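S.K.: Return atomic coordinates for the entry below.
(one chain, ligands or ions: 1)
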Amino acid sequence: MELKPCSSSAQASKNPVAALPESDSKSVDDTACCEEEEIVHEELKGKRKEGNGMEKKGKKEEESEEKKEEEKPKKGKGGGILTNKLFSEHDISELTAKAIREMNYTHLTEIQARSIPHLMVQSDVMGSAKTGSGKTLAFLIPAIELLRKSHFMPRKRNWSHCDLPNKGACYPDTQCCQGINEVSLTNSWICVIGGTNMRSEANQLANGINVLVATPGRLLDHLRSTSSFNYKRLKCLIIDEADRILEQNFEEDMKQIFKRLPRDRQTVLFSATQTQKVEDFANFTFGKKDERERKLVYVGVDDSELKPTVEGLQQGYCVIPSEKRFLVLYAFLRVKARQEQKVMVFFSSCSSVKFHAELLNTLGIECYDIHEQLKQQKRTSTFFRFLKEKRAARGLDIPEVDYIVQYDPPDDPKDYIHRVGRTARGDKGKGRALLFLLPEELKLLIHLQGSIMTRVLEQENIVGGNYFLKQSAKEAYRSYLLAYNSLSMKGIFDIHQLDLKVNVCDVLSQGSVIGFFVFILSAFSFIIAS
Ligand SMILES: Nc1ncnc2c1ncn2[C@@H]1O[C@H](COP(=O)(O)OP(=O)(O)OP(=O)(O)O)[C@@H](O)[C@H]1O
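M.R.: Next up, the predicted model:
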């Protein structure tokens, strides 16, 4: 078995939407806060050029850019995702403010600080920020506030908001809606997702709702077939996780949805990764400049960053031949179970999830399974049970996931980013992600460059760059081999049968590998000892 850190970094996602960079001028709106991010497609291309340093800037321009930079929300201390902007500085109704306080949030994240002011004045917004950076509240607070200002009442035949995430994102979005609504108690909302009972959803829609969280496919079904569903007064359409929606081939459904919905509405599109597909979809969603009456603002929080994953995420991979993969997983999960850590494991098929969950439960490792073949209700309840599970030892009710394990590889870098984005979420969130690869799958790393990285690299440098640690690691490894060789039952413990050549060479020739190697090895020694 070969265990290695990922050793390179570059860009996994494509450049941010070329046609929709942040701009700073020609605001149609008179709100000062919106001036810095106003966009007009044609002007944007020019701006991007400037951003790339391809044209010389005049002094005046430089000064105005400096001013803009000063006006941007500053990141809070401690390297988290929060800025120095407070929720209390915003014109938010008391009930929503109370809901936010009850969630213990005081400061806004960057995507929130930069998009909420635009959304509150009902501009169209296209937002882009890493997974776990607080996009949900960024669009939900203005949505709830818009409802409040419009004096919408529950159970009237209105339909004012539609939030369109993909199926996975539906849970956090509805949870967040629920959080705000539990306190404000003003809005009725429902969540419609494929796999649930369409008739009961139709009844609720007929009764009238204020906020609808839906997957594109199921929403289209209702638009087509639920005659009592009155959507003519839609105020705001929010498309969350646009990149995921497109990946799952919902593009055609989205076009059909757009055809049916009223055009005079606010439109919001959020995405964690930017691709050509998202760019094309954005152009299609917002239409051409002349067709648009509303102002469109692009807020790209991480556009200048090379790394598409968050700071608090440590990432690594291990190369394991297929016959040993389950053993590694089992050993790993046992250690993590003892440490009362939460681990989310990704497989490539439903039957594989089912099988491994059954097997692990049989072997005494308690785990839940979520896959497409389960009824939606079961999926939702399992998901919430997993998130809410208490960790007795620490006495905390923390929903965060400590580890993401990708037992089967992701389909592409975006898939990878979304999977690892389930950990290290929120302010100063910390988490780890481990990718299992077969030796012949190593080529995948070329495509993941930039996604996997830094922290493990730092770890690698700690050992590789430190003479004493390196010597000590070599010594530890040498003594492990000597001890193994000294075992008396040679029939069982034959050092010549150990497939260690690759590891020995790697460990001894590159200090780089040692950090991660030792980390995993210690997990095994724990198992052996237990
Ligand atoms: N203002 C805030 N202060 C502190 N924590 C926050 C704040 N806003 C959001 N969070 C935390 O950040 C976590 C991630 O937020 P959210 O789910 O909105 O991210 P996201 O950007 O939508 O991620 P994804 O793209 O994966 O859906 C939340 O679970 C919440 O704990």
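S.K.: in the sheet, who's paired with the nearest residue to residue 420 once chain neighbours are set aside?
M.R.: In this structure, residue 420 finds its nearest non-sequential neighbour in residue 433, 4.0 Å apart by C-beta to C-beta, 6 or more residues apart in numbering. Any C-beta I mention is one placed from the backbone N, CA and C, and that applies to glycine too. Listed beta-bridge partners, residue 433: residue 315, residue 404 (assigned using DSSP bridges).
S.K.: what do you get for residue 237?
M.R.: Per DSSP bridges, the residues bridged to residue 237 are residue 162, residue 267.
S.K.: For the closest residue to the ligand within the stretch 301-450 of the chain, list the residues it contacts.
M.R.: Nearest residue of the stretch 301-450 of the chain to the ligand (C-beta to the nearest ligand atom) works out as residue 426 at 2.9 Å. Each residue near residue 426 by C-beta atoms under 8 Å, 6 or more residues apart in numbering is listed here: 81, 132, 134, 400.
S.K.: among these, which are in reach of the ligand?
M.R.: Judged by C-beta under 6 Å from any ligand atom, the overlap between the contacts of residue 426 and the neighbourhood of the ligand comprises 132, 134.
S.K.: Please convert the contacts of residue 426 to CSV, extending it with neighbour count and distance to residue 347.
M.R.: Formatted as CSV, these follow (neighbours: other C-beta atoms under 10 Å; distance: C-beta to C-beta, whole Å):
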residue, neighbour count, distance to residue 347
81, 26, 30
132, 25, 22
134, 22, 29
400, 17, 22
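S.K.: Out of the contacts of residue 426, which sit inside helices?
M.R.: Among those, the subset assigned to helices under DSSP state H is empty.
S.K.: Just the contacts of residue 426: which are in strands?
M.R.: Within the contacts of residue 426, membership in strands is found for no residue, as judged by DSSP state E.
S.K.: can I get the contacts of residue 426 in JSON lines with pLDDT?
M.R.: JSON lines is the format used below for those (pLDDT from 0 to 100):
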{"residue": "81", "pLDDT": "74"}
{"residue": "132", "pLDDT": "80"}
{"residue": "134", "pLDDT": "88"}
{"residue": "400", "pLDDT": "73"}
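S.K.: ranges for the helices of the stretch 251-400 of the chain?
M.R.: Counting by DSSP state H, counting those that start in this stretch, the stretch 251-400 of the chain has helices at residues 251-260, 276-286, 322-338, 350-362, 376-388.
S.K.: Check the stretch 101-250 of the chain too.
M.R.: Secondary structure of the stretch 101-250 of the chain (DSSP H, counting those that start in this stretch): helices located at 110-120, 135-149, 167-184, 198-207, 216-225, 242-247.
S.K.: Go through those and pick out the most buried.
M.R.: Mean neighbour counts were compared across the helices of the stretch 101-250 of the chain using mean count of other C-beta atoms under 10 Å; the top stretch is helix 110-120, at a mean of 26.
S.K.: Run the angle between that one and helix 135-149 for me.
M.R.: Counting by axes from the mean of the first three to the mean of the last three C-alpha atoms, to 10 degrees, helix 110-120 lies at 20 degrees to helix 135-149.
S.K.: So for the residue nearest to residue 148 when sequence neighbours are not counted, what's the pLDDT?
M.R.: In space, and not counting its chain neighbours, residue 148 is closest to residue 93: 5.3 Å by C-beta to C-beta, 6+ apart. Among the per-residue scores, residue 93 shows a pLDDT of 87.
S.K.: now swap in residue 359 and tell me
M.R.: The predicted structure scores residue 359 at 89 on the pLDDT scale.
S.K.: excluding its backbone neighbours, what's nearest it?
M.R.: residue 326 (7.7 Å).
S.K.: hmm, back to that, the helices of the stretch 101-250 of the chain: lowest mean pLDDT?
M.R.: With a mean of 50, helix 167-184 has the lowest mean pLDDT of those.
S.K.: Surely residue 240 is in contact with residue 136?
M.R.: Yes: in this structure, residue 240 sits in contact with residue 136. The criterion is C-beta atoms under 8 Å, and the distance is 7.3 Å.
S.K.: returning to that earlier point: so for the ligand, which of the helices of the stretch 101-250 of the chain sits nearest?
M.R.: Ranking those by distance to the ligand, with C-beta to the nearest ligand atom as the measure, places helix 135-149 first at 3.2 Å.
S.K.: Any part of the closest one near the ligand?
M.R.: Yes: counting by C-beta under 6 Å from any ligand atom, the ligand is contacted by helix 135-149 at 135-137.
S.K.: How many neighbouring residues does residue 367 have?
M.R.: The criterion is other C-beta atoms under 10 Å. On that basis, residue 367 has 17 neighbouring residues.
S.K.: now swap in residue 276 and tell me
M.R.: When neighbours are counted by other C-beta under 10 Å, residue 276 comes out with 11.
S.K.: what about it, distance to residue 125?
M.R.: Using C-beta to C-beta, to the nearest Å, we find residue 276 at a distance of 20 Å from residue 125.
S.K.: try residue 358
M.R.: Going from residue 358 to residue 125 by C-beta to C-beta gives 45 Å.
S.K.: which of these two has more neighbours?
M.R.: residue 125 (29 against 12).
S.K.: what about the residue nearest to residue 148, how many residues close to it?
M.R.: 15.
S.K.: ok so, going back, quick one: which of the helices of the stretch 101-250 of the chain is nearest residue 284?
M.R.: Distances from residue 284 to each of these were compared using C-beta to C-beta; the shortest belongs to helix 242-247, at 10.7 Å.
S.K.: and that closest one, what does it pack onto?
M.R.: Other elements packing on helix 242-247 under the criterion 3 or more C-beta pairs under 8 Å, 6 or more residues apart in numbering; DSSP states H and E are strand 266-271, helix 276-286, helix 413-420.
S.K.: looking at those, which is closest to residue 322?
M.R.: Between residue 322 and these, the shortest gap by C-beta to C-beta is with helix 413-420, which sits at 20.1 Å.
S.K.: Kindly calculate the angle that that closest one makes with strand 266-271.
M.R.: Going by the same axes, to 10 degrees, helix 413-420 makes 90 degrees with strand 266-271.
S.K.: Helix 413-420 near the ligand anywhere?
M.R.: No: under the criterion of C-beta under 6 Å from any ligand atom, helix 413-420 makes no contact with the ligand; the nearest approach is 6.9 Å.
S.K.: got it, and stretch 253-273?
M.R.: Yes: contact of stretch 253-273 with the ligand is found when judged by C-beta under 6 Å from any ligand atom, involving residue 272.
S.K.: quick one: average confidence on that stretch?
M.R.: Averaging pLDDT along stretch 253-273 yields 88.
S.K.: Which positions within that stretch qualify as buried?
M.R.: 253-254, 257, 261, 265-273 (16 or more other C-beta atoms under 10 Å).
S.K.: Kindly export it (C-alpha atoms) in PDB.
M.R.: Provided in PDB are the C-alpha atoms of stretch 253-273 (Å, rounded to 0.1, in the frame of the first residue of the first chain):
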ATOM      1  CA  ASP A 253     -35.800  21.800 -17.400                       C
ATOM      2  CA  MET A 254     -34.500  25.200 -16.400                       C
ATOM      3  CA  LYS A 255     -35.300  26.600 -19.800                       C
ATOM      4  CA  GLN A 256     -38.800  25.300 -19.600                       C
ATOM      5  CA  ILE A 257     -39.200  26.700 -16.100                       C
ATOM      6  CA  PHE A 258     -38.000  30.200 -17.300                       C
ATOM      7  CA  LYS A 259     -40.600  30.100 -20.100                       C
ATOM      8  CA  ARG A 260     -43.400  29.600 -17.600                       C
ATOM      9  CA  LEU A 261     -42.400  32.000 -14.800                       C
ATOM     10  CA  PRO A 262     -43.300  35.700 -14.800                       C
ATOM     11  CA  ARG A 263     -40.500  37.800 -16.300                       C
ATOM     12  CA  ASP A 264     -40.800  40.700 -13.900                       C
ATOM     13  CA  ARG A 265     -39.000  39.200 -10.900                       C
ATOM     14  CA  GLN A 266     -35.700  39.400  -9.100                       C
ATOM     15  CA  THR A 267     -33.300  36.600 -10.200                       C
ATOM     16  CA  VAL A 268     -30.400  35.400  -8.200                       C
ATOM     17  CA  LEU A 269     -27.900  32.800  -9.300                       C
ATOM     18  CA  PHE A 270     -25.300  31.300  -6.900                       C
ATOM     19  CA  SER A 271     -22.500  28.900  -7.700                       C
ATOM     20  CA  ALA A 272     -19.500  27.500  -5.900                       C
ATOM     21  CA  THR A 273     -17.500  26.800  -9.000                       C
END
